[in-house]
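Enquirer: missing the sequence, but the structure's below:
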């Protein structure tokens, strides 16, 4: 039986750009699916299709048991969406923003006011409830935006990079709120560029690149696909990076078995400005001792050395050949464009900016509940 969010063979193109290229998703009720990938991978386009803001060129999508193409208005009544950018009215207070959203959902005045008070307390915004939103910090605006998406307690939530641009403290606070939502039974699809975030929040992860799902599984399952462990070394001086790389390359070659596609040198990742080198190895703590001895023999002085399991960043590099950050730099699909746009984010514009789906009437997605009532 399909989950609370289900997609099969989704395809969406913008001119020559194939933003979605046969995407399949299945999110069981009450769980979190993390869509992990760089800008331009197709994450936001997938969210826009699943939330009825875009119609797919082909494929099928069902959210909360409702077909998103055949019955978009019914889908909107069952979902909440927090987009990449906090979409709050800067000239309204926090309280007024939430009441407005409630009224757009056709809540009665008393119910909308009560729900606003409840959400302001839940999101730690009560003290700022009667201040204009333009006086809020970035973290406060993001929390208010998320509160607006929860005014009608939707069973299914979509969050498109909800913590992008937040400082660590606000990010941790938002993680706690997300975990509370899921504990209460909400199903969540979360897009993110932050590997740590996907690792921390998601029950399952889909790695997306160039419009395709290239891997899926739990964080541990994906890390197991990468295999082995990683030795990380920080050398004292930039001039010692070369000798250290030579040492680590030898251990990488010894542990890679029959994999002859890449040389040991190619397997050593170097971050020049931090003087850090990372290499996949096998052998555990015993091998780490051998690495230390060999570095000492070569006269390489180190500030730090350690052995760790693969991270999701290692998984992404193994699967795609580049890191998430490199993928962002190479993306050619446009920035945060307007309403029509090409590419993933170029098509995002105002439509995906966290406004309640029931209040939207764009891209042929249908009328709002209020407009339906008028008819």
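Expert: Ah, there it is. As the structure is a prediction and not an experimental result, all values here were calculated from the model.
Enquirer: quick one: contacts for the nearest residue to residue 34 once chain neighbours are set aside?
Expert: For residue 34, ignoring the flanking residues on the chain, the nearest one in space by C-beta to C-beta, 6 or more residues apart in numbering is residue 202 at 3.2 Å. Heads up, the C-betas are built off the backbone N, CA and C, glycines and all. Shown in contact with residue 202 (C-beta atoms under 8 Å, 6 or more residues apart in numbering): 32-34, 190, 219.
Enquirer: Of those, which pair is most distant in space?
Expert: Spanning the widest gap among the contacts of residue 202 are 190 and 219, at 13.1 Å by C-beta to C-beta.
Enquirer: Which one's more surrounded, the two?
Expert: residue 190 (26 against 21; other C-beta atoms under 10 Å).
Enquirer: Which residues does the more buried one form beta bridges with?
Expert: Bridge pairing for residue 190 (DSSP bridges) gives the partners residue 34, residue 159.
Enquirer: so it makes contact with residue 33?
Expert: Yes - counting by C-beta atoms under 8 Å, residue 190 sits close enough to residue 33 to count as a contact (7.0 Å).
Enquirer: Which helix or strand in this structure has the lowest average pLDDT?
Expert: helix 369-374 (a mean of 36; mean pLDDT, DSSP states H and E).
Enquirer: Might you report the residue contacts of the closest residue to residue 274 other than its chain neighbours?
Expert: Once flanking residues are discounted, residue 274 sits nearest to residue 234: 6.9 Å by C-beta to C-beta, 6+ apart. When the contact criterion is C-beta under 8 Å, 6+ apart, the partners of residue 234 are 274-277, 302-305.
Enquirer: follow-up on the earlier one: distance of the residue nearest to residue 34 from residue 307?
Expert: As judged by C-beta to C-beta, to the nearest Å, residue 202 and residue 307 stand 26 Å apart.
Enquirer: now swap in residue 91 and tell me
Expert: Remark: distance between residue 91 and residue 307 (C-beta to C-beta) = 54 Å.
Enquirer: Quick check on the two: which one has the bigger neighbour count.
Expert: Using other C-beta under 10 Å, the more surrounded residue of residue 91 and residue 307 is residue 307, with 16 against 10.
Enquirer: Who are the contact partners of that one?
Expert: Counting by C-beta under 8 Å, 6+ apart, residue 307 touches 229-232, 284-285, 287-288.
Enquirer: How many neighbouring residues does the spatially closest residue to residue 88 that is not a sequence neighbour have?
Expert: Leaving aside its sequence neighbours, residue 88 sits nearest to residue 133 (C-beta to C-beta, 6+ apart; 4.6 Å). Counted by other C-beta under 10 Å, the residues lying close to residue 133 total 20.
Enquirer: Quick check: what element follows the strand or helix carrying residue 157 along the chain?
Expert: Element membership for residue 157 (DSSP states H and E) is strand 156-160. The helix or strand immediately downstream of strand 156-160 is helix 168-183, counting by DSSP H and E.
Enquirer: Quick one: list the elements packing against that next one.
Expert: For helix 168-183, the elements it packs on are helix 138-149, strand 187-192, helix 195-201, judged by 3 or more C-beta pairs under 8 Å, 6 or more residues apart in numbering; DSSP states H and E.
Enquirer: can we see that at 10 Å?
Expert: Helices and strands touching helix 168-183, by 3 or more C-beta pairs under 10 Å, 6 or more residues apart in numbering; DSSP states H and E, are strand 32-36, strand 79-82, helix 109-122, helix 138-149, strand 156-160, strand 187-192, helix 195-201.
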